[in-house]
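Student: Sequence plus the predicted model coming up.
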Amino acid sequence: MVAQAGIPMHDIPFVTIGGGIGSFVTVDYLRIYGVPTSQMRVLSNIDTPWQTYEFLTRCSQIPRPERIRSDSSSRPDNIWGFPSYALEEAWREKNLKYLIQVGFLEPIFDDYWTPRAGTVFRNLEREAKRIGYWDMLIKGQVRMVRKRVGGGYFTVMNPPDGTSPTKRVVFRSRFVHIAVGYPGLKYLPDLQEFRQKYGDFTHVVNAYEPHEHVYEFLKTRPGTVVVRGGGIVASRVLQRLFDDREKFNLQTQVIHIFRTFVTGSHGPHIWMRRKGGDGWAYQGFNYPKSVWGGQLKAEMRKLEGEARRQKYKDMGGTNTPKRRRWQEQMKAGRAGGYYHPFQGVVERVEPTSDGKLVSHVRSNDGTIRQPVSDFIIDCTGLEADIAEHRLFADLLQYSGAYRNPVGRLEVERHFEVKGTASGNGALYASGSATLGGYFPGVDTFLGLQVAAQEIADDLAKRGFCRKMGPLRSTAQWFKWAFNKPV
Ligand SMILES: Cc1cc2nc3c(=O)[nH]c(=O)nc-3n(C[C@H](O)[C@H](O)[C@H](O)COP(=O)(O)OP(=O)(O)OC[C@H]3O[C@@H](n4cnc5c(N)ncnc54)[C@H](O)[C@@H]3O)c2cc1C
């Protein structure tokens, strides 16, 4: 059928779809395991592996000089995690304090040390050049992956307009890996309704969209902003509002609505508690640290169905790190009468006759409040249902893939998508679409690397590459350290 339709076909043993951090770390592992660039292709609609991540972090107020959430040794450019980012920044910025913080003070006497976004991007670029990343990149929009009768898969892609004589090209491969990131933005229903009904995309914004105009407006006149959400993005947005208030001597009022207002330590039982207060649930990283390599990782690997779903529920929930600077800013805001946090569920948002917004908010005790603001910044949702991504919708419908206990794509412990085996081929997936599997930390740098290692080991078992042992790994580390090709 492919040949009859006149679609050009390329034979490539391994393709990874997405071209973000997840694809990058997977081909990084495979290059280090010894797979040549000629055997792999990255099919992606972006130019650099960090492009989407940088877009989302910049919108959510983490420009290059600011610090991200994950720790010093979560290095997507370095499969060994050594030397850590803290060592590198300490060397580069001649600042020994970073090493003291990471070695002795965090997390009790100081905040967790985390790297600057710019440090991550600079190192990704170095590693991408080292492994010949751009020799493997093919730009385009992937439409579907289907099993082949003869084993393996066909991947159908639309190349960018004007770059190919045909509208579609097909890749025939034994192995496919999917890491397409977030299926889309998820808007709160009342805000979605407001945007659709009034066609106003300026005053109600999502924190993951460009919304610099809000901060610019506030520099020109006193204004009120409603912030919604209790995660790290809400923390970042508050920091930006407070920083600007201080730097430019502004009068900005901040109303912060939490759907769930956390007042203290909480958790399912005494062994699993998280600190909280003033509305927030506090946690250094987005999961307890042991999911990446401790008892939760081991425990989760054994859980199926309802037991797994319950465990995700027990350790889930929106949370943010308790950073000293944020605590001080909020305290000053409460004392100064310009930061107003409270619990409530917003029932609807309407425009006022003078061009502002009124939110109708019902608190748990039944009280109704109607705060009026110039802007609403929604810091709640990034993740839409996986079926909103065409690729996953197609896999679920035609290729035997199915959902895990939390509704996303069910994968094996080695990240093969269950139900999609095809002859001697295998289809793998990692990243947020696979959350709910045997490994919870999958949508993080380190988690994507854990997945990549599982995939590389599985591919070694299937004969696609050599196994990695300690000697070869050490030799490869030296190549990494001296920036020599793999
Ligand atoms: C604001 C923010 C901050 C985060 N901070 C951290 C942190 O500090 N530490 C940490 O460990 N993790 C962090 N994460 C989580 C996670 O590590 C990153 O989101 C990471 O970028 C996920 O990698 P990915 O490959 O799954 O997705 P992405 O990096 O988003 O890449 C997926 C790519 O696939 C492309 N794509 C989608 N569909 C198609 C298609 N059909 N055809 C071709 N290409 C397609 C997309 O354009 C996208 O570029 C953060 C996430 C967000 C949103």
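Tutor: Cool, the structure landed.

Student: mind showing which ranges of the stretch 351-486 of the chain have poor pLDDT?
Tutor: For the stretch 351-486 of the chain, not a single residue meets the criterion pLDDT under 70.

Student: Quick one: the helices in it, in order.
Tutor: Ranges of helices in the stretch 351-486 of the chain, per DSSP state H, counting those that start in this stretch, are 390-398, 445-461, 470-481.

Student: which of the ones you listed is buried the deepest?
Tutor: helix 445-461 (a mean of 22; mean count of other CB atoms under 10 Å). Where C-beta positions appear, they are placed from N, C-alpha and C, glycine not excepted.

Student: For that one, name the packing helices and strands.
Tutor: Helix 445-461 is packed against helix 21-33, strand 426-429, with contacts defined by 3 or more CB pairs under 8 Å, 6 or more residues apart in numbering; DSSP states H and E.

Student: So what's the gap between it and the chain middle?
Tutor: Taking CA atoms, centre = their mean, to the nearest Å, one finds helix 445-461 lying 18 Å from the centre of the chain it belongs to.

Student: Just want the angle from that helix to helix 21-33.
Tutor: Calculated by axes from the mean of the first three to the mean of the last three CA atoms, to 10 degrees, helix 445-461 forms an angle of 50 degrees with helix 21-33.

Student: How about helix 445-461 and the ligand, touching?
Tutor: Yes: using CB under 6 Å from any ligand atom, helix 445-461 comes into contact with the ligand via 445, 448.

Student: who in the stretch 101-250 of the chain is up against the ligand?
Tutor: Residues of the stretch 101-250 of the chain lying close to the ligand by CB under 6 Å from any ligand atom are 141-142, 179-181.

Student: how about a cut-off of 8 Å?
Tutor: Contact residues (CB under 8 Å from any ligand atom) of the stretch 101-250 of the chain with the ligand: 114, 140-143, 157, 179-182, 208, 232-233.

Student: As TSV, the residues you listed with pLDDT, distance to Ser60 and neighbour count would be great.
Tutor: Formatted as TSV, these follow (pLDDT from 0 to 100; distance: CB to CB, whole Å; neighbours: other CB atoms under 10 Å):
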residue	pLDDT	distance to Ser60	neighbour count
Thr114	97	15	24
Gly140	97	28	21
Gln141	97	25	14
Val142	98	26	23
Arg143	97	29	13
Met157	98	30	25
Ala179	98	20	29
Val180	97	20	24
Gly181	95	14	22
Tyr182	90	13	21
Tyr208	94	6	19
Ile232	95	8	23
Val233	96	5	27
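
Student: and which of those is nearest the ligand?
Tutor: Relative to the ligand, the closest of these is Gly181; by CB to the nearest ligand atom it sits at 2.7 Å.

Student: Identify the residue spatially nearest to the closest one, adjacent ones excluded.
Tutor: Closest residue to Gly181 apart from its sequence neighbours, by CB to CB, 6 or more residues apart in numbering: Gly20 at 5.1 Å.

Student: can you tell me the residue of this protein closest to the ligand?
Tutor: Gly20 (1.7 Å).

Student: For the residue lying closest to Tyr398 once chain neighbours are set aside, give me the pLDDT.
Tutor: Distances taken as CB to CB, 6+ apart put Arg146 closest to Tyr398, at 6.5 Å, once the chain neighbours are dropped. As predicted, Arg146 sits at a pLDDT of 97.

Student: what's the neighbour count on Gly419?
Tutor: For Gly419, the count of nearby residues is 14 (other CB atoms under 10 Å).

Student: need the contact list for it.
Tutor: 399-402, 410 (CB atoms under 8 Å, 6 or more residues apart in numbering).

Student: What residues does Phe154 make contact with?
Tutor: Taking CB under 8 Å, 6+ apart, one finds 2, 145-146, 148, 170-172 in contact with Phe154.

Student: Also Ile455?
Tutor: 26, 29, 177, 414-415, 428, 430.

Student: Same question for Arg273.
Tutor: Arg273 sits next to 265-267 when contact means CB under 8 Å, 6+ apart.

Student: Give me the subset of these that lies in strands.
Tutor: Within the contacts of Arg273, residues falling in strands by DSSP state E are 266-267.

Student: returning to that earlier point: would you list the helices of the stretch 351-486 of the chain in JSON lines and tack on distance to Lys219?
Tutor: What follows is the helices of the stretch 351-486 of the chain, written out as JSON lines (distance: least, CB to CB, whole Å):
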{"stretch": "helix 390-398", "distance to Lys219": "41"}
{"stretch": "helix 445-461", "distance to Lys219": "34"}
{"stretch": "helix 470-481", "distance to Lys219": "44"}
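
Student: residues near the closest residue to Gly381 other than its chain neighbours, how many?
Tutor: Of all residues not flanking Gly381 in the chain, Lys186 sits nearest, at 3.6 Å (CB to CB, 6+ apart). Residue neighbour count, defined by other CB under 10 Å, stands at 18 for Lys186.

Student: Hmm, Asp378 and Lys186 touching each other?
Tutor: No: the criterion here is CB atoms under 8 Å, and Lys186 misses it with Asp378 at 9.6 Å.

Student: that older thread, of all pairs in the residues of the stretch 101-250 of the chain next to the ligand, which one is the farthest apart?
Tutor: Thr114 and Arg143 (37.3 Å; CB to CB).

Student: can you tell me the helix or strand for Ser164?
Tutor: Ser164 is part of no helix or strand, with elements assigned from DSSP states H and E.
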